[in-house]
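Undergrad: return atomic coordinates for the entry below.
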Amino acid sequence: MIQRIQSVFLLLLALAMLSMLALPLWHKIDGLTNQELTLTAFGFTPKGMQLPASTGPVWLIGLLAGGSAAVAIFEIFQFRNRGKQLLLGTVNLLLITATIGAGFYFSSQGEQMLNVKLAGQYMAGFYLPTLALMLNLLANRFIRRDEQLVRSMDRLR
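TA: Below you'll find the model as predicted:
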């Protein structure tokens, strides 16, 4: 199970998505007013400013990232059913893509909350879904390779 390379990729994917929950995604500082705004997976963290009432469901980023990690861990234990693993890999692809999209959306919302002329910085947590996306694609590739190997062995019998 864990000795297969795709299981290692899926485990790293889950760790990347869980790490995203703890790391900041985006940060912006206004040097003139000493206001700071940080985007995490569960919300905005203001410093020296008041948040508007309608920031939206920022917790959606955390929900999508946690769901993606859960699907990856469940996918590891479906090693006997490679078709189901491929289906779960596709679901995970959609979850990771939605996480990236939500991160972009809420970071652009944060840009508008604080001095529009200054640009915010993307932090380490923002890039982890991209890494997870690559790991998911690699895992799916090796799962497909295993499936082709098993089918070729069935033909030889």
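
Undergrad: from now on I want contacts and neighbour counts done on CA atoms only, so please keep to that.
TA: OK.

Undergrad: in this protein, where is pLDDT below threshold?
TA: By pLDDT under 70, the low-scoring segments of the chain are 1-3, 53, 154-157.

Undergrad: repeat that with 50
TA: Within the chain, no stretch has pLDDT under 50.

Undergrad: how about the strands in it?
TA: 26-30, 35-40, 43-47, 121-122 (DSSP state E).

Undergrad: now tabulate the ones you listed in a markdown table and tack on mean neighbour count.
TA: As requested, these are exported to a markdown table (neighbours: other C-alpha atoms under 10 Å):
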| stretch | mean neighbour count |
| --- | --- |
| strand 26-30 | 20 |
| strand 35-40 | 21 |
| strand 43-47 | 16 |
| strand 121-122 | 16 |
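
Undergrad: can you pull up the most central residue in the chain?
TA: By C-alpha atoms, centre = their mean, the chain has its centre lying nearest to residue 129, at 3.3 Å.

Undergrad: was I right to think that residue contacts residue 18?
TA: No: taking contacts as C-alpha atoms under 8 Å, residue 129 lies outside contact range of residue 18: 10.0 Å.

Undergrad: out of the strands of the chain, nearest to residue 90?
TA: strand 35-40 (25.8 Å; C-alpha to C-alpha).

Undergrad: which helices and strands does that closest one pack with?
TA: Using 3 or more C-alpha pairs under 8 Å, 6 or more residues apart in numbering; DSSP states H and E, the elements in contact with strand 35-40 are strand 26-30, strand 43-47, helix 82-113.

Undergrad: one more time with 7 Å, if that's ok
TA: The helices and strands touching strand 35-40, judged by 3 or more C-alpha pairs under 7 Å, 6 or more residues apart in numbering; DSSP states H and E, are strand 26-30, strand 43-47.
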